[in-house]
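>>> Let me see the structure of the following:
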Amino acid sequence: MLEKEFIQSREIILDYFEKALSFGSLFIISHKESGAKILAKLKHINDGLNEFALVPYDESEQASDFPVGSEVTITNESSNVFLDTVVHKNHAHKWLTFNLPSELKVVNLRIGQRYKPTRNLSPNNWIISYGEDGLTKKSQYEGEILDISTTGMSLKIKARRLDGLYRGDQVEVNISEEVAALSRVKGSVVHKSSAKVVVSGEFEKYIKVGIRFSKDQVIEQLI
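Numbering: from 1, shown residues only. Next up is the predicted model:
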């Protein structure tokens, strides 16, 4: 059973939306009563008014199915962050404004317990993306393994521009050359997000990519 976490810290919720805005994350708005759905992207965040706005991703679509007062569920494109809210404003059916939520529900897409690998890692961990069809090499990046479980892993990639590695892309990852079974592990991207850490007093930006393995892996030799 997938683990669920309820985030109620306003600071964390605001940080999530700010990252989603800068990264261009997509969201699905679902009308609780009618079942109408629309794919949307963040238009802006207004902390002072306690609001955020979503605009249809496809400019030919309109938000006419979501009048003011509609109860909706908003889900991110990875289907692991959910929130329930009400349409606060409908701007001529072109975009929608909502109150910032007091709670986010986050689902852990990985069932297995996560570990920080400490042994037998390759000097350079790399990932190759083959796109959704899994046939043609699209890109390759070096990265640092943040955590790993029997079912997947997250990878920290430092790159000014990260083409590819979209949700659903088929990938191959080099985890450990010391453990033959972990030298070329196949999987798929389940999420990609921007993140930042403080290094020597300055913010360092990077991309965090979540991978689900095609089959469970034995990781005891890494921890």
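>>> can you tell me which residues contact residue 14?
Residues near residue 14 by C-beta atoms under 8 Å, 6 or more residues apart in numbering: 45, 47, 100. Any C-beta I mention is one placed from the backbone N, CA and C, and that applies to glycine too.
>>> Okay, the most centrally placed residue in the chain and residue 152: tell me how far apart.
The chain has residue 191 as the residue nearest its centroid, 3.7 Å off, counting by C-alpha atoms, centre = their mean. To residue 152, residue 191 is 10 Å away according to C-beta to C-beta, to the nearest Å.
>>> circling back: okay if I get the contacts of residue 14 as TSV plus neighbour count and distance to residue 65?
Below are the contacts of residue 14 laid out as TSV (neighbours: other C-beta atoms under 10 Å; distance: C-beta to C-beta, whole Å):
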residue	neighbour count	distance to residue 65
45	16	23
47	12	28
100	17	22
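>>> Just to be sure, which of the residues you listed are found in strands?
residue 45 (DSSP state E).
>>> want to throw the contacts of residue 14 into CSV with pLDDT and distance to residue 163?
Shown next, in CSV, are the contacts of residue 14 (pLDDT from 0 to 100; distance: C-beta to C-beta, whole Å):
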residue, pLDDT, distance to residue 163
45, 95, 26
47, 89, 32
100, 93, 32
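>>> Which parts of this structure are strands?
4-7, 26-31, 37-46, 51-56, 71-76, 81-91, 95-99, 104-107, 125-129, 139-148, 152-157, 170-174, 185-199, 202-213.
>>> Any chance of a markdown table for those, columns distance to residue 219?
Output for the strands of the chain, formatted as a markdown table (distance: least, C-beta to C-beta, whole Å):
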| stretch | distance to residue 219 |
| --- | --- |
| strand 4-7 | 23 |
| strand 26-31 | 32 |
| strand 37-46 | 36 |
| strand 51-56 | 39 |
| strand 71-76 | 28 |
| strand 81-91 | 26 |
| strand 95-99 | 41 |
| strand 104-107 | 22 |
| strand 125-129 | 14 |
| strand 139-148 | 6 |
| strand 152-157 | 9 |
| strand 170-174 | 13 |
| strand 185-199 | 10 |
| strand 202-213 | 10 |
